[in-house]
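K.L.:
Following is a predicted model, sequence given first.
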Amino acid sequence: MSENIANLEEQFNRRIANGETIEPKDWMPEKYRKQLMRLISQHAHSEIIGMLPEGNWITRAPTLRRKLALLAKVQDEAGHGHYLYSSAETLGISREEMYDQLLQGKAKYSSIFNYPTLTWADMGMIGWLVDGAAIINQTTMAKCSYGPYSRALLRICKEENFHKKQGMEIIATLIASGLKGKEMVQESLNRFWWPTLMMFGPHDTNSPNSAEMMKWKIKLKSNDELRQRFIDMTVEQALEWGLTIPDPKLKFNGKIRSWETGEIDWEEFNRVINGNGPCNHERMGARRTAHENGSWVREAARAYEEKQRLRNISAA
Ligand code: FAQ
């Protein structure tokens, strides 16, 4: 490493240690840039793919009020994808490159969106559990060292809070509607509980990216710490509703005032993140079709841009 780079790196590390925010034009180590591109683009892809499981229920929402709320939620997720793609672009990667990585299967997106949404209760479950897990992860990362990501997350978390509340309201309404409603909620919880715990990623001891990301304050809490925070909060909510967490090993440890769980099925997790979960092919197929169907919009935008460029040249 040249002396100049070593100096820059030392200054950079000092800024991180002082809790300063790194902005796009600041010097940063190449690996810091690469880790952020990977993280933010995966997050953006998750928001866009994450529209599909709920989008599936827009036409079947039980009332107009529910339809409006669901439609707005799915639109919000598209908006989150856009903030995040813009935030990743500040690191020097284009939106086209990120889409290509997704469509070629080179970029990951959250495992949770590879599970089907079979009943209306799943709309409540996604709001309560999936948005709930996302909020725990993202409110922590909103204090991360990279300015554009941190600012995008602040805004996203405000909206995710609404999403969680509308999910909890769906669940509370179903439970209050009587036995059948509560059975629907329980059946949905049985399917979504373990995949939601997987959203936080592998155990800290098996997480190859964590050490570097924590050193640079991209991640501020580890995968296991965040997962435990989610479990402790959510188990109490489930018990309050009279629901059963589908984990025979679940028990409260009074000494540390925390819930201990059974082990996640890591084989299932690896299958899903490597493209072989229940809906991976369907989700990627839907994205590819949407991308192909949207090609005329991209062509029209490019033609308009070129026309404006030529007009500006002739006016100059
Ligand atoms: N799914 O070394 P680590 C939402 C991969 S948004 C798929 O621990 P890292 C809103 C990981 O990428 C949900 N892949 O990785 C919404 C890495 O692979 P790579 C998305 C996973 O980055 C609600 C490898 O395993 N949220 O829900 C998963 O330090 C409702 C090794 O793992 C975010 O993206 C997984 N669950 O930590 C939308 C938040 N876990 O890249 C619609 C930001 C791990 O080396 C409807 N992301 N992998 O090939 C993060 O906080 C982190 O990326 C983690 C993983 C914690 C997910």
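P.N.:
Sure thing, it's come through. Just so it is clear, the model here is predicted, and its values are computed rather than measured.

K.L.:
residue contacts, A88?
P.N.:
36-37, 40-41, 44, 98 (C-beta atoms under 8 Å, 6 or more residues apart in numbering). No exception for glycine: its C-beta is placed from N, CA and C like everyone else's.

K.L.:
Let's see that with 6 Å instead.
P.N.:
The contact partners of A88, taken as C-beta atoms under 6 Å, 6 or more residues apart in numbering, are 37, 40-41.

K.L.:
Grab the nearest non-local neighbour of the residue of the stretch 1-150 of the chain found nearest the ligand.
P.N.:
Proximity of the stretch 1-150 of the chain to the ligand (C-beta to the nearest ligand atom) peaks at G50, 2.7 Å away. Take G50 and drop its neighbours on the chain: the residue closest to it by C-beta to C-beta, 6 or more residues apart in numbering is F113, 4.9 Å away.

K.L.:
What of A142?
P.N.:
Nearest to A142 is L153, by C-beta to C-beta, 6+ apart, at 3.9 Å.

K.L.:
The one you found falls within a strand, correct?
P.N.:
No: judged by DSSP: H, G, I helix; E, B strand; the rest coil, L153 forms no part of a strand; its state is helix.

K.L.:
Give me the neighbour count for P202.
P.N.:
18 (other C-beta atoms under 10 Å).

K.L.:
Next, give phi and psi for the residue nearest to it when sequence neighbours are not counted.
P.N.:
Setting aside the residues directly before and after it, P202 is nearest to N223 in space (C-beta to C-beta, 6+ apart), at 6.5 Å. The phi/psi pair for N223 (degrees, to the nearest 10) reads phi -60, psi -50.

K.L.:
N223 contacts F200, doesn't it?
P.N.:
Yes: assessed by C-beta atoms under 6 Å, N223 is found in contact with F200 at 4.8 Å.

K.L.:
Which one of the two is surrounded by more residues?
P.N.:
F200 (23 against 20).

K.L.:
Now do the same for the more buried one: helix, strand or coil?
P.N.:
Per three-state DSSP, F200 ends up coil.

K.L.:
May I ask you to confirm that it is in contact with Q228?
P.N.:
No: counting by C-beta under 6 Å, F200 sits too far from Q228 to count as a contact (9.0 Å).

K.L.:
overlap in contacts of these two?
P.N.:
Common neighbours of F200 and Q228 (C-beta under 6 Å, 6+ apart) do not exist.

K.L.:
where does the chain dip in pLDDT?
P.N.:
1 (pLDDT under 70).

K.L.:
what does the stretch 51-200 of the chain put close to the ligand?
P.N.:
77, 108, 110-111, 126, 130-131, 134, 137, 198-200 (C-beta under 6 Å from any ligand atom).

K.L.:
Reformat these as CSV; add secondary structure and distance to A176.
P.N.:
Listed next are these as CSV, based on DSSP: H, G, I helix; E, B strand; the rest coil; distance: C-beta to C-beta, whole Å:
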residue, secondary structure, distance to A176
E77, helix, 27
K108, coil, 39
S110, coil, 31
S111, helix, 32
I126, helix, 20
V130, helix, 22
D131, helix, 21
A134, helix, 26
N137, helix, 30
M198, helix, 30
M199, coil, 28
F200, coil, 31
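
K.L.:
Among those residues, name the buried ones.
P.N.:
Buried members of those, scored by 16 or more other C-beta atoms under 10 Å, are 77, 108, 110-111, 126, 130-131, 134, 137, 198-200.

K.L.:
still on that earlier bit, who touches the residue nearest to P202 in this structure?
P.N.:
200-201, 204, 207.

K.L.:
what about 8 Å?
P.N.:
Taking C-beta under 8 Å, 6+ apart, one finds 200-204, 207, 210 in contact with N223.

K.L.:
re the thing from before, I'd like to know how many residues surround the residue of the stretch 1-150 of the chain closest to the ligand.
P.N.:
By other C-beta under 10 Å, neighbour count at G50 equals 24.

K.L.:
next one: G132
P.N.:
Count around G132 with other C-beta under 10 Å applied: 23.

K.L.:
who's in contact with it?
P.N.:
Taking C-beta under 8 Å, 6+ apart as the test, what G132 contacts is 164, 167, 230, 233-234.
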